[in-house]
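Trainee: okay, here's the prediction I keep looking at, along with the sequence it came from:
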Amino acid sequence: MQELVDSDMTYELKDAVDIIKSFPAAKFDESVEIALRIGVDPKKSDQQVRSTVFLPHGTGKEVRVVVLAKGDKAKEALDAGADHAGDAELIEKIKGGWTDFDAVIATPDMMREVGKLGKVLGPRGLMPAPKAGTVTTDAKKAVEDLKKGKIEFKVDKNGVINNSVGKVSFTAENLVENIESLLSAISKVKPATAKGQFLRSLSVASTMGAGLKIELNSLSLS
């Protein structure tokens with residue numbers, strides 16, 4: 001029961017995942033999400049944390065991918081599994097407020113036009129970026145990677161990284177592996193200018209559930 005979760009207690013990761021999976025089932029397959037506070041000052045440009053990682057067991061979510069590319073590149077993207085691909089017409093549709101997708105990939109030659117979509121894509125965290133692998137000449141590979149479980153992580157203005165790491169229906173072992181893979185990837189991109197402890201605090205929760213604080217020493221990071 002969620003009311004039995006002690007908000008002042010810290011749990012080993014495996015125990016926390018077991019508790020989350022023991023909560024009464026919702027009417028849908030809830031996501032499992034982490035909130036990680038890290039030791040950076042997000043206001044400093046040299047302490048931005050943003051990269052990507054493959055979750056070994058995926059997110060459990062069907063990722064809807066839009067590719068902004070011309071001609072053959074757009075066709076390659078569609079053949080690779082992109083949900084939508086194109087140039088001017090697609091850009092106009094997004095300008096009009098359409099955001100029925102989870103990720104946007106763009107080829108470099110489209111970036112001048114993509115820049116005009118900042119007001120729509122920016123607030124939703126969907127702007128393509130080289131660091132995220134979403135500005136690339138190889139749109140085919142980028143689509144395949146996203147469909148296979150590649151995710152982006154980045155620190156927000158409060159020094160916190162929030163990500164979905166799977167579904168409640170996953171096995172506890174798979175959820176733990178996904179979480180530890182994400183945390184390992186975050187640890188590896190610690191800015192050189194960040195001082196002191198990098199991973200400060202971690203909580204894990206399901207979409208509808210209470211957050212559980214994790215004992216950082218219980219993590220097995222490679």
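Mentor: Here it is on my side, so go on.

Trainee: isn't A132 up against I105?
Mentor: No - look at A132 against I105 with C-beta atoms under 8 Å: they stay out of range, at 9.3 Å. Backbone N, C-alpha and C define where each C-beta goes, glycine included.

Trainee: more neighbours: which of the two?
Mentor: Here A132 and I105 are set side by side on neighbour count (other C-beta atoms under 10 Å), and the busier one is I105, at 28 against 23.

Trainee: so what pairs up with that one in the strands?
Mentor: Beta-bridge pairing of I105 under DSSP bridges involves V67.

Trainee: try L199
Mentor: I38.

Trainee: can you tell me how far it is from V40?
Mentor: Separation of L199 from V40 (C-beta to C-beta, to the nearest Å): 11 Å.

Trainee: who has more neighbours, these two?
Mentor: V40 (21 against 18).

Trainee: nearest spatial neighbour of that one, chain-adjacent residues omitted?
Mentor: Ranked by C-beta to C-beta, 6 or more residues apart in numbering and with sequence neighbours excluded, the top spatial neighbour of V40 is Q47, at 4.1 Å.

Trainee: return the set of buried residues in the lengthiest helix in the chain.
Mentor: In the chain, taking DSSP state H as the definition, the longest helix is helix 172-188. Under the neighbour-count criterion of 16 or more other C-beta atoms under 10 Å, helix 172-188 has 172, 174-183, 185-186 buried.

Trainee: same list (those residues) but as JSON lines, adding pLDDT and distance to G125.
Mentor: Shown next, in JSON lines, are the buried residues of helix 172-188 (pLDDT from 0 to 100; distance: C-beta to C-beta, whole Å):
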{"residue": "A172", "pLDDT": "97", "distance to G125": "29"}
{"residue": "N174", "pLDDT": "97", "distance to G125": "25"}
{"residue": "L175", "pLDDT": "97", "distance to G125": "23"}
{"residue": "V176", "pLDDT": "96", "distance to G125": "26"}
{"residue": "E177", "pLDDT": "96", "distance to G125": "25"}
{"residue": "N178", "pLDDT": "97", "distance to G125": "20"}
{"residue": "I179", "pLDDT": "97", "distance to G125": "20"}
{"residue": "E180", "pLDDT": "96", "distance to G125": "24"}
{"residue": "S181", "pLDDT": "96", "distance to G125": "21"}
{"residue": "L182", "pLDDT": "97", "distance to G125": "16"}
{"residue": "L183", "pLDDT": "97", "distance to G125": "20"}
{"residue": "A185", "pLDDT": "96", "distance to G125": "18"}
{"residue": "I186", "pLDDT": "96", "distance to G125": "17"}
